[in-house]
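Participant: A structural model of the following input is requested.
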Amino acid sequence: MTATTPPRTVTEREARQVAEAAREQDWRKPSFAKELFLGRFRLDLIHPHPLPAHDDVQRGEEFLAKLRDFCETDIDPAVIERDARIPDAVINGLKELGALGMKIDPKYGGLGLTQVYYNKALALVGSVSPAVGALLSAHQSIGVPQPLKMFGTQEQKDAFLPRCARTDISAFLLTEPDVGSDPARLATTAVPDGDDSYVLDGVKLWTTNGVIADLLVVMARVPKSEGHKGGITAFVVEAASEGITVENRNAFMGLRGIENGVTRFHQVRVPAGNRIGPEGSGLKIALTTLNTGRLSLPAMCVGAGKWALKIAREWSAVREQWGRPVAQHEAVGAKISFIAATTFALEAVLDLSSQMADEDRNDIRIEAALAKLYGSEMACLMADELVQIRGGRGFETAESLRARGERAVPAEQILRDLRINRIFEGSTEIMHLLIAREAVDAHLSVAGDLIDPDKSLSDKARAGANAGLFYAKWLPRLVAGPGQLPVSYGDFRHETDLSGHLRYVERHARKLARSTFYGMSRWQGRMETKQGFLGRIVDIGAELFAMSAACVRAELLRSRDDHGPEAYRLADAFCRQARIRVDELFERLWTNTDDNDRKVVRAVLDGSYEWLEQGIVDPSGDGPWIADATPGPATRENVHRSIR
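Facilitator: Here you go, the predicted structure:
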């Protein structure tokens, strides 16, 4: 029996230091969302709504037309759901279409689509099959193309990008059986072997695309030694390399066609020329890649919202209860209104964030994170409401509906498929902390040393002086602003008046900044432990961002005579709904059960409530909670498969 290797242990402080070192430290460009959290409503950064270039639109629309035809004629989502596999013919068709290279520069054989049109393509393909959308997104948003585009050498781009554009599928490997959102504990190693190669050992979990991938981006820890800085480092690895074994193809409650597995590395030799960036820069590369890569998830959430609205509209008009269509009953109508208004707002957030990413005039790290967080949460709510609107038919599978002669509407499937988005690429809880860290960056920059226990008295004195100067200028600006003037934002006042919603955003951005300051003053160094408070701060910012985006999009559509009155009404409906949520979140900042919840949790963990678990039978199987990931040779069959 093989002895297991104990998991790598790190202190909480060490984990924070690793995460902090991977952050982009500077803000070289303006950020609408960052300013919003600081109480400054910089509408000028997003209005007038930025627009794509004519050539980008033409190229994007031409591809979308081809992709739509392919989705309608070549993808059978029922087959993918039934067989839990995307047919090779579909993947080969996507390759021929150029879909693997949507974001890759044409000089490497790609299509060179903008972020806006890449996301439109993902929304389209994800609406017919979320599993196919996940394959394309994992390949391009976090797989080999994006990190090479941003950090690769010219030699690496020449060698790998043409393959990724047309023939080779890529995957991203960071998570391990005992390592999730805490990369400081990463156990996979890449040991230098002379000057020309590294040797990889370790196990990676949940490797999306890993079962069929040709190329891998692998995060591994390089030991510190003479001539080697060490640290978590990124590598491009050939999936066919000797010593790589896909030990399991994982199965999930949704996305049943996803090619996600467990990958073992045993003495895998990787050329030094395949290292992306310097040693120790792997996490920074991963996080920077995700700044735009995260936008792929809300893209598919937008597609899901559009589909949910279509089904809700069609079904609710024909299904009668008590003498009239169910849509005319207020309880159902409220759900339809929520789906319609929220879909409009999500598309507004996505398109605005994507266009800002394309223009590269703004730092969108917070915007992209908010889009991912807000999109994944709201899409799940919309899908759940659709299931409720459909009633028993919403709970019934599409195949069962078809078998008894009704329209095969996969409402329950979309609910299952969307659920992972609240976990993918940063869980909701981690996104709250990540965004909160960025949102309080200005405060920590001037006052962080005051609450750092390792800083000297002289450091704290300097920090106190700097903080005094900063807050003397900043706090008075949070007292009053344009949101208190009835005439502000008059260019949003038409048949439907959106100006009041923008005044609300301006006032509550200042209130949000004051609340953040009060929290820091109250808890100081313990602020980072107040995850309930920080989560609500972020959720308020997300709602205010979505309100702003919805209003700006409505005005854009009005100015272009493109369903302007309808867009204004949808934006108004969304803002009215969002304001209720914002008011509740502000109330819960200070009136909540956080302290009592912590007491209950401690009692649960110490066994005080085990008596409450009596009277059940646990159907779980035997085995460890976390699988053994001890490095070594594979003992299981390689289930990697090639697309034929």
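
Participant: quick check: mean pLDDT of the helix or strand encompassing Ile537?
Facilitator: Secondary-structure element containing Ile537, defined by DSSP states H and E: helix 531-559. What helix 531-559 shows for mean pLDDT is 97.

Participant: same check on stretch 358-376?
Facilitator: 94.

Participant: may I see the buried residues of that stretch?
Facilitator: Neighbour counts over stretch 358-376 (16 or more other Cβ atoms under 10 Å) mark 358, 362-376 as buried. Bear in mind the C-beta positions are built from the backbone N, C-alpha and C, glycine included.

Participant: for whichever strand or helix holds Asp572, packing partners?
Facilitator: For Asp572, the host element (DSSP H and E) is helix 564-590. Contacts defined by 3 or more Cβ pairs under 8 Å, 6 or more residues apart in numbering; DSSP states H and E place helix 564-590 against helix 330-359, helix 499-523, helix 531-559.

Participant: point out where the stretch 451-600 of the chain drops to low pLDDT.
Facilitator: 451-454 (pLDDT under 70).

Participant: any idea which helix or strand comes after the helix holding Asp572?
Facilitator: With DSSP H and E setting the assignment, the helix or strand that follows helix 564-590 is helix 594-605.

Participant: coming back round to it: buried residues in the helix holding Asp572?
Facilitator: 564, 567-575, 577-579, 582, 585-586, 588-589.

Participant: now the helix holding Ile537: how far from the chain's centre is it?
Facilitator: Here helix 531-559 is found 16 Å from its chain centre; the criterion is Cα atoms, centre = their mean, to the nearest Å.

Participant: so it versus helix 330-359, what angle?
Facilitator: 80 degrees (axes from the mean of the first three to the mean of the last three Cα atoms, to 10 degrees).

Participant: buried sites along helix 531-559?
Facilitator: For helix 531-559, by 16+ other Cβ under 10 Å, it's 532-558.

Participant: list of residues touching stretch 45-64?
Facilitator: 30-32, 35, 98, 102, 111-114, 116-117, 120-121, 124, 352, 355-356, 358-359, 362, 548-549, 552-553, 555-556, 559 (Cβ atoms under 8 Å, 6 or more residues apart in numbering).

Participant: if we take the buried residues of stretch 358-376, which one ends up nearest to Glu242?
Facilitator: Lys372 (37.0 Å; Cβ to Cβ).

Participant: now do the host helix or strand of the closest one and helix 330-359, the angle between them.
Facilitator: Secondary-structure assignment from DSSP H and E places Lys372 in helix 365-390. With the same axes, to 10 degrees applied, the angle from helix 365-390 to helix 330-359 works out at 150 degrees.

Participant: which elements pack onto helix 365-390?
Facilitator: Partner elements for helix 365-390 (3+ Cβ pairs under 8 Å, 6+ apart): helix 32-37, helix 282-293, helix 296-318, helix 330-359, helix 392-395, helix 411-419, helix 428-439, helix 531-559.

Participant: CA atoms of the first one as PDB?
Facilitator: As requested, C-alpha coordinates have been extracted for helix 32-37 and formatted as PDB (Å, rounded to 0.1, in the frame of the first residue of the first chain):
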ATOM      1  CA  PHE A  32     -15.900  52.900 -13.700                       C
ATOM      2  CA  ALA A  33     -16.600  50.200 -11.100                       C
ATOM      3  CA  LYS A  34     -13.600  51.100  -8.900                       C
ATOM      4  CA  GLU A  35     -14.700  54.700  -8.900                       C
ATOM      5  CA  LEU A  36     -18.300  53.500  -8.000                       C
ATOM      6  CA  PHE A  37     -17.000  51.800  -4.900                       C
END
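
Participant: so what pLDDT did Tyr118 get?
Facilitator: For Tyr118, pLDDT reads 97.

Participant: repeat for Arg324
Facilitator: For Arg324, pLDDT reads 80.

Participant: what's the burial count for it?
Facilitator: 9 (other Cβ atoms under 10 Å).

Participant: how much space between it and Ile339?
Facilitator: Arg324 sits 20 Å away from Ile339, going by Cβ to Cβ, to the nearest Å.

Participant: what of Ile232?
Facilitator: Using Cβ to Cβ, we find Ile232 at a distance of 41 Å from Ile339.

Participant: same deal with Phe424?
Facilitator: Distance from Phe424 to Ile339, by Cβ to Cβ: 22 Å.

Participant: just Ile285 next, same as before
Facilitator: Ile285 is 38 Å from Ile339, by Cβ to Cβ.

Participant: any buried residues in stretch 427-446, and which?
Facilitator: For stretch 427-446, using 16+ other Cβ under 10 Å, the buried residues are 428, 430-444, 446.

Participant: ah, wrong one, I meant stretch 386-396
Facilitator: Quick answer for stretch 386-396 (16+ other Cβ under 10 Å): 386-387, 389-390, 393-394, 396.

Participant: pick the one among these closest to Gln267.
Facilitator: Val387 (48.9 Å).

Participant: quick one: contacts for that closest one?
Facilitator: Per Cβ under 8 Å, 6+ apart, neighbours of Val387: 394-395, 411-412, 415.

Participant: residue contacts, the closest residue to Phe395 other than its chain neighbours?
Facilitator: Distance criterion Cβ to Cβ, 6 or more residues apart in numbering; nearest residue to Phe395, sequence neighbours excluded, is Glu412 at 5.8 Å. Counting by Cβ under 8 Å, 6+ apart, Glu412 makes contact with 387, 394-397.
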